[in-house]
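1. show me how the following folds:
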Amino acid sequence: MRRPVFRLPSWFPVDGYLLALLGTVGLAALLPARGAAAGVADGASTGAVALLFFLYGARLSTREAMDGVRHWRLHLTTLACTFLVFPVLGLAARALVPTVLPPALYTGLLFLCLVPSTVQSSIAFTSIARGNVAAAICAGSFSSIAGIVVTPLLAGLVLGGGGGFSAHSLVSIVCQLLLPFLAGQLLRRWVAGFLTRHKKVLGYVDRGSILLVVYAAFSAGMVQGIWHQVSPLRLLCLLGVEAVLLATMLTLTTYGSRKLGFRRADRIAITFAGSKKSLAAGLPMASVLFGAQAGLAVLPLMLFHQMQLMVCAVLAKRYAARAAAEQRPAAGPGGDGPGRERSAAAVHPVQREPEHQRAGH
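-> Okay, the predicted model is just below:
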């Protein structure tokens, strides 16, 4: 007799990679890199960040991204949500310092509001919800490309010296993020085939690079003793603030896109692409911008990442159920009714599992 296997509810999508991230944080707390080991970890983290963005550039098809230019209203709306509305809400949260959030956590919250949107998970949730998948692909890609330049510039504008941003940080961003990304784009014609053939292995390289960045950042934080600044009550307050932030963005993207006259499929793409933030893009940028303070700075982003996955998974399934109900044939002799010739599943193939195995996409 087979033993019953414990499974998490489908509406509670805690993916294995997030558990790996939490395990890496625990490892850094118990065995932080010190002395010479810290130097090795920091150098390896720098190399991993450069490799990560080289792979991003090599795998992104410029032609596919440019094919979505005709949806310029949708893309401008998504970019405005990501790089305008989010930062404005983040600046408004300054009123919560220091009564609700300590300055260090607020800096992380503000940084969260500056990073680009996700790619894979926005596409997956849009597909499940039967929205405009092509638009979600382009919107996520445009946001990722723009974020390489816009996020550091916004960080310099709204964080200033207090966030660890300086001319040196800008040079580091160019050297560690932008140049490898451009190199990947230039070499794409020669390496794209290799990347496609070894997609699964390179997926582990992606995730391993992020884990290395997390370990180096949180190790530095442990050595510096920054974690003593945060109490469990402050973390609960942070979760509450992020829940309000996510609910606000979901509301604005849902009803705002309707007011702007977008059709249903486009509204779904805007809702998921405009309300989410990329952990995969944010972690390397934080390690460059914040240095030893990166561990505490990325904590709000890590919490928001899991929260958005859980909430958007539920929301996507509700969208799908509503679309299925609208397309269900009307009861009658022989089951004839609207939509009988082609089922909803045939018109909009549903991806059964969200691709949120990668950290921030």
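2. run through who's touching the strand or helix carrying A58.
-> Take DSSP states H and E as the rule and A58 turns out to sit in helix 35-59. For helix 35-59, contacts defined as C-beta atoms under 8 Å, 6 or more residues apart in numbering pick out 32-33, 144, 148, 175-178, 180-185, 187-188, 191-192, 195, 202, 205-206, 208-210, 212-213, 215-217, 219-220, 223, 280, 284, 287-288. Glycine gets a C-beta too; all of them are placed from N, C-alpha and C.
3. now these: which count as buried?
-> With neighbours counted by 16 or more other C-beta atoms under 10 Å, those contain buried members at 32-33, 144, 148, 176-177, 180-181, 184-185, 188, 202, 206, 209-210, 212-213, 215-217, 219-220, 223, 280, 284, 287-288.
4. among these, which are in strands?
-> Judged by DSSP state E, strands contain none of those.
5. what about K259, neighbour count?
-> Other residues lying near K259 total 7 when counted by other C-beta atoms under 10 Å.
6. and it, how far from T253?
-> Counting by C-beta to C-beta, to the nearest Å, the separation of K259 from T253 is 11 Å.
7. ok, now A273?
-> Distance from A273 to T253, by C-beta to C-beta: 8 Å.
8. neighbour-wise, which of these two wins?
-> With neighbours defined as other C-beta under 10 Å, A273 and T253 compare such that A273 has more, 33 against 24.
9. host element of the more buried one?
-> Going by DSSP H and E, A273 is in helix 264-274.
10. list the buried ones in the helix holding A58?
-> 38, 41-42, 44-46, 48-59.
11. kindly format the C-alpha coordinates of stretch 78-95 as CSV.
-> Extracted C-alpha coordinates of stretch 78-95, given in CSV (Å, rounded to 0.1, in the frame of the first residue of the first chain):
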residue,chain,number,x,y,z
THR,A,78,2.8,48.8,-18.0
LEU,A,79,6.0,50.8,-17.8
ALA,A,80,4.2,53.7,-16.2
CYS,A,81,2.9,51.3,-13.5
THR,A,82,6.3,49.8,-12.9
PHE,A,83,8.6,52.9,-13.0
LEU,A,84,6.2,55.7,-12.1
VAL,A,85,3.2,54.6,-10.0
PHE,A,86,5.2,52.1,-7.9
PRO,A,87,8.0,54.7,-7.1
VAL,A,88,5.4,57.3,-6.2
LEU,A,89,3.7,54.8,-3.7
GLY,A,90,7.2,54.0,-2.4
LEU,A,91,7.9,57.7,-1.7
ALA,A,92,4.6,58.1,-0.1
ALA,A,93,5.5,55.3,2.3
ARG,A,94,8.2,57.5,3.8
ALA,A,95,5.5,58.8,6.1
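12. list the buried ones in it?
-> Neighbour-count burial for stretch 78-95 flags 78-79, 81-83, 85-87, 89-90, 93 (criterion: 16+ other C-beta under 10 Å).
13. next: stretch 245-252.
-> 245-246, 249-250, 252.
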